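Asks: Fold the following.
(one chain, ligands or ions: 2)
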Amino acid sequence: MSENPKLCPCISGLSYSACCQPLHDGKLTASSAEQLMCSRYSAFYLGNIAYLISTLHPNVRQKDDKQTLAQTIEQTQWLGLKIINHKPSAKTATVEFIAFYQDNPIGQLHEQSRFIQEDEQWYYTDGDILEPIKLSRNEACFCGSGKKLKRCHML
Ligand SMILES: [Zn+2]
Ligand SMILES: [Zn+2]
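Replies: Numbers count the residues shown, from 1 in each chain. Ligands and ions are numbered 1, 2, ... in the order given. Have a look, this model is predicted:
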């Protein structure tokens, strides 16, 4: 976890200030469910619990969200993000992604997430956890290093 990351944790290749920061700071709202999803990943990475709760649909918020999120953030070292697909429709969308985290072997949170748009604001509602996928050792590493997986996080 880095205090002042130059590059956005969501692996967009953009700087944090040109990517997720304006969303985290409340200066912009996500223009798509995919953008919201990426900004939520960055918020997990940076430990921004307030943002994670504000982007959770009010109907699915729980009393202990803050505690649960703090625990996840405490216990997880996120390594990278890979968006598999984004299926938008009028006011709902699904985004399938894999968030990678430090474990042995490397852990995958592979999820198909559901989003709802209300009052021009996208919210995360819930998701289905999917099986980890097999990665090709020759594909670009999920951490955004630009190296092949076999020369980076899959040594
Ligand atoms: Zn970002
Ligand atoms: Zn890597």
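
Asks: After the lengthiest helix in the chain, which helix or strand is next?
Replies: For the chain, the helix with the greatest residue count under DSSP state H is helix 33-46. Note on helix 33-46: by DSSP states H and E, the next helix or strand toward the C-terminus is helix 49-54.

Asks: related to what we said a few turns ago, contacts for the longest helix of the chain?
Replies: 1, 5, 8-10, 12, 16, 19-20, 23-24, 30, 48-49, 51-52, 55, 72-73, 76, 78, 81, 83, 86, 88, 93-95, 97, 99, 113, 115, 117, 122-124 (C-beta atoms under 8 Å, 6 or more residues apart in numbering). All C-beta spots, glycine's among them, are computed from the backbone N, C-alpha and C.

Asks: do the same with stretch 53-73
Replies: 30, 36, 39-40, 43-44, 47, 49, 52, 116, 118, 122-126.

Asks: Okay, now the unreliable bits of the protein?
Replies: Low-confidence regions of the chain, defined by pLDDT under 70, span residues 1-5.

Asks: repeat that for 80
Replies: The model of the chain has pLDDT under 80 over residues 1-5, 155.

Asks: Just the helices from it, written as ranges.
Replies: 21-24, 33-46, 49-54, 65-75.

Asks: Quick one: closest of those to residue 105.
Replies: Nearest of the helices of the chain to residue 105, taken as C-beta to C-beta: helix 65-75 at 17.2 Å.
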